[in-house]
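1. Curious how this folds, go ahead:
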Amino acid sequence: GTTATSPLLLWEKSQGSCSSPGIMSDIYLRVGGPIAESPVTAEVMLQVDADNVVIDNSWLWRADHVESGQLVQGQNPCQVGAIING
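-> Residues are numbered from 1 along each chain as shown. From the prediction side, this is the model:
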């Protein structure tokens, strides 16, 4: 909806270590959808608040067009793709 969500995915403090890190793999985050009439917002897509986390294959996308190919400039705003605090 039009109320900003923050973050879409949050990884909080974990018990990961250098020899046994936390793993985030194949992450797909998208702000906005294929329908022009339903704009959405997010402050942050991904936030990691932990040490020793491996992020592998992440795809963070702010939708800028709908399924017809029409551009929707300015819709689906997202201030920050990722915040890493670790």
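2. Pull the contacting residues for the residue lying farthest from the centre of the chain.
-> Most distant residue from the mean C-alpha position of the chain: residue 19, 26.9 Å away (Cα atoms, centre = their mean). Not one residue lies near residue 19 by Cβ atoms under 8 Å, 6 or more residues apart in numbering. All C-beta atoms are positioned from the backbone trio N, CA, C, and that covers glycine.
3. what about it, is that helix, strand or coil?
-> Under DSSP: H, G, I helix; E, B strand; the rest coil, residue 19 falls in the coil class.
4. Begin at 636 from now on, thanks
-> Happy to do that; since the first residue is 636 now, the last one works out to residue 654.
5. and it, what are its phi and psi?
-> Phi and psi for residue 654, reported as degrees, to the nearest 10, are phi -90, psi -20.
6. pLDDT score for it?
-> In this model, residue 654 is scored at 90, pLDDT.
7. Can you tell me the closest non-neighbouring residue to residue 648?
-> Ranked by Cβ to Cβ, 6 or more residues apart in numbering and with sequence neighbours excluded, the top spatial neighbour of residue 648 is residue 685, at 5.1 Å.
8. surely that neighbour meets residue 651?
-> Yes: using Cβ atoms under 8 Å, residue 685 is in contact with residue 651, at 6.5 Å.
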